[in-house]
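Asker: Just need the structure, nothing else, for what follows:
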Amino acid sequence: MRRRTFLAGSGAALLAARVPASGPALAAETEHHGLSGFGDLKYPVDFPRFAYVDPMAPKGGTFSATLSTTTGNQAFETFNTLNIYVLKGDGAGGMDLTFDTLMVRALDEPDALYGLVARSVSVSADGLAYRFRLRPQARFHDGSRLTARDVAFSILTLKEKGHPQIAAVLRDVAGASADGDDAVVVRFAPGRSRDLPLLVAELPIFSEAYYRSRGFEASTLEPPLGSGAYRVARFEVGRFIAFERVADYWGADLPVTVGQNNFSEIRYEYFRDRDVAFEAFKAGTFTWREEFTARVWATGYDFPAVQEGRVKRETVPDHTPSATQGWFLNTRRPVFRDPRIREAVGLAFDFEWSNQNLMYGAYTRTASFFEKSDLKAEGMPSPEELALLEPYRGKVPDEVFGEPWSPPRSDGSGQDRALLRRADGLLRQAGCTRDGGVMKLPDGQPLAFEFLDSSPVFQPLLQSYIKNLALLGIRASSRLVDAAQYQARLKDFDFDVISTRFGGSPTPGAGLREVYGSRAAKVPGSQNLAGIENPAADAMLDRIADATSRADLTTACRALDRVLRAGRYWVPMWYSGTHRLALWDLYGRPRDLPRYGLGVPALWWHDADKARKIGRT
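Answerer: Alright, predicted model coming up:
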């Protein structure tokens, strides 16, 4: 299962000259110890620690895994740069561990942030200026002080030449300036999105002095100077990267870090093939694994280490909204410009047969872009949804104003004749014609396209899917390329169909514009893989970004869901309500994991007693 998450940081040009030494005061300030999208905070100003951590967690040992999510320019199979905040190169996993941020997220609240480098934040009456007051003890790894100038430099740098995903989000940052060493003022343009200040508060902080002699946009294997709880210890390009805990980390005793950052070393291994990676896990090359392949979970865990109890399996409930996973159809290609053709292509995928015969019945079919959450559109539109959608009546399909579209259930035969006949009818409505065994587009060209991937994990599914497409006269094929070529083609939108998974959020915001917004469709490296350009969707995305209450957010998300589902931009795949974890029995974790994340590896720790029992001291 390919997983991608929305970028939390990016990189940009050197803007030291644009960072003034001080800034004007804010009028009518109100000071806060935390931020959230709608002002709700669980923890008081003097909270000692997050409720879900174990403050007595021991320190030591190694956490080792492969990547289960990627961000920015990262790839699952390899890396060739330690700069993950630009478009160029394939970034190494774990580099975010080396950078501190102004604030950090609480995993038991939908979107709340509390101060790390920032001890407090003041907000102007108009909401367009935020002053973050910094902790004077904040330090980079070389001992130099982290100041407001570094923060301002980082924000402007990320906006100017960062990865397109983050540069686009920071479009409405009007400026950032140091007010002495201890405070940075960030100014936003009128009409900025609701969650933009939160996104800024989670950006990595770079050393301005470090980059005076280095090009920020460069692909590099020099570990950059950071201030986080970990720093790069050693690596072999494309094979592994290891991080060591900083012994004198300046923020180790803060309320937002107590009970966390427990491992002495965090290590990520790389493999170009998932089957090879599984064999490496069985041999103990790495010791923590989240299993995304139902076949392997059902049949693969009968090796000696499991039988002897040295490797444990557990299923942990996943309470977060389901990620949006599917085959995204590149509407930039002529073959996919007609939604009837896109729907016909989707009807040829028999999920019920695939789930039962290839995936051991482990999944539920995805229907919504907000699956497994109350943001999902269901039933007829509410009056509030209709108020948002009515201006687009006649400009969007009529179904937007009725029951939302969902992929139909097949008869489970693998070749549901009724659905294939329905698909054939849609193709003919779109002006396609059948010439023997070939379906032709209205212009006379064969209806043909390619599934692109860098992993063979979906090949068994694609064999049956492509066979059904052939029954419709569609010439579909599958191409596997190496990780570097895959990433390059992804960034340039040089594909027909691609499988991906976007992480879900309980409080989505402006970031959705970079996945479904018209402007992002034209920006190389953006996450709008389907090339969606839909004015109605853009309007709903604006409503989501500007929502002033959770009720308004829910309404706007449900309206967007109806518009996107009516567009047939993807062939939805599936989701699971659990995390399937396999681990060598040498880990401890808090008894109750937080609602909005597994907290891996931050909240977990090395259990020395368990390690001794299985001979892995």
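
Asker: So Arg310 sits against Leu583, correct?
Answerer: No - in this structure Arg310 lies outside contact range of Leu583 using CB atoms under 8 Å: 10.1 Å. Every residue, glycine included, has its C-beta placed from N, CA and C.

Asker: joint contacts of the two?
Answerer: Where contact means CB atoms under 8 Å, 6 or more residues apart in numbering, no residue is in contact with each of Arg310 and Leu583.

Asker: Which pLDDT value goes with Gly23?
Answerer: pLDDT recorded at Gly23 is 36.

Asker: Contacts only, for Arg139.
Answerer: By CB under 8 Å, 6+ apart, Arg139 lies in contact with 145-146, 227, 250.

Asker: how long is stretch 260-277 from one end to the other?
Answerer: With CA to CA, to the nearest Å as the measure, stretch 260-277 spans 28 Å from end to end.

Asker: what about the helices in the stretch 251-400 of the chain?
Answerer: For the stretch 251-400 of the chain, the helices defined by DSSP state H, counting those that start in this stretch occupy 274-282, 294-299, 304-307, 339-347, 351-358, 383-389.

Asker: Deepest in the core, which of those is it.
Answerer: Mean neighbour count, computed with mean count of other CB atoms under 10 Å, is highest for helix 339-347 among those, reaching a mean of 23.

Asker: where in the chain is pLDDT low?
Answerer: Within the chain, the segments meeting pLDDT under 70 span 1-29.

Asker: mind checking how far the closest residue to Arg313 other than its chain neighbours is from Ser455?
Answerer: Spatial nearest neighbour of Arg313, chain neighbours left out: Ala582 (5.1 Å); criterion: CB to CB, 6 or more residues apart in numbering. Ala582 is 19 Å from Ser455, where distance means CB to CB, to the nearest Å.

Asker: same check, this time on Asn528
Answerer: The value you get for Asn528 to Ser455, if CB to CB is used, is 22 Å.

Asker: returning to that earlier point: could I have the buried ones of the contacts of Arg139 as ChimeraX selection syntax?
Answerer: The following ChimeraX line selects those of the contacts of Arg139 that are buried, judged by 16 or more other CB atoms under 10 Å:
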select :146,227,250
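
Asker: and of the contacts of Arg139, the nearest to Gly437?
Answerer: Ser227 (62.5 Å; CB to CB).

Asker: wait, that closest one sits on Pro204?
Answerer: No - with contact defined as CB under 8 Å, Ser227 does not count as touching Pro204 (9.3 Å).

Asker: who touches both of these two?
Answerer: 99-100.

Asker: Which one of Ala582 and Ser455 is surrounded by more residues?
Answerer: Ala582 (22 against 18; other CB atoms under 10 Å).

Asker: packing partners for the helix or strand where that one lies?
Answerer: Assigned by DSSP states H and E, Ala582 falls within strand 578-584. On a contact count with 3 or more CB pairs under 8 Å, 6 or more residues apart in numbering; DSSP states H and E, strand 578-584 meets strand 288-290, strand 311-317.

Asker: Return the distance of the last one from the chain's centre.
Answerer: In this view, strand 311-317 has its centroid 23 Å away from the chain centroid, taken as CA atoms, centre = their mean, to the nearest Å.

Asker: Likewise for the shortest one?
Answerer: In terms of CA atoms, centre = their mean, the centre of strand 288-290 is set 18 Å apart from its chain centre.

Asker: now for that strand, which elements pack on it?
Answerer: Against strand 288-290 (3+ CB pairs under 8 Å, 6+ apart) you get strand 62-65, strand 578-584.

Asker: let's see it at 6 Å
Answerer: Under the contact definition 3 or more CB pairs under 6 Å, 6 or more residues apart in numbering; DSSP states H and E, strand 288-290 sits against strand 578-584.

Asker: do the last one as well
Answerer: When contacts are defined as 3+ CB pairs under 6 Å, 6+ apart, strand 311-317 packs onto strand 578-584.

Asker: orientation of the strand it packs on relative to helix 274-282 in degrees?
Answerer: 50 degrees (axes from the mean of the first three to the mean of the last three CA atoms, to 10 degrees).

Asker: partners of strand 578-584 in the sheet?
Answerer: strand 288-290 (antiparallel), strand 311-317 (antiparallel) (DSSP bridges).

Asker: Not counting its own residues, what contacts the shortest one?
Answerer: Taking contacts as CB atoms under 6 Å, 6 or more residues apart in numbering, the residues outside strand 288-290 that touch it are 65, 68, 281, 581-583.

Asker: Kindly report the same for stretch 320-333.
Answerer: With CB under 6 Å, 6+ apart as the criterion, stretch 320-333 contacts 336-337, 342, 369, 371-373, 493, 495-499, 501-504, 506, 529-531, 570-573, 575, 596.
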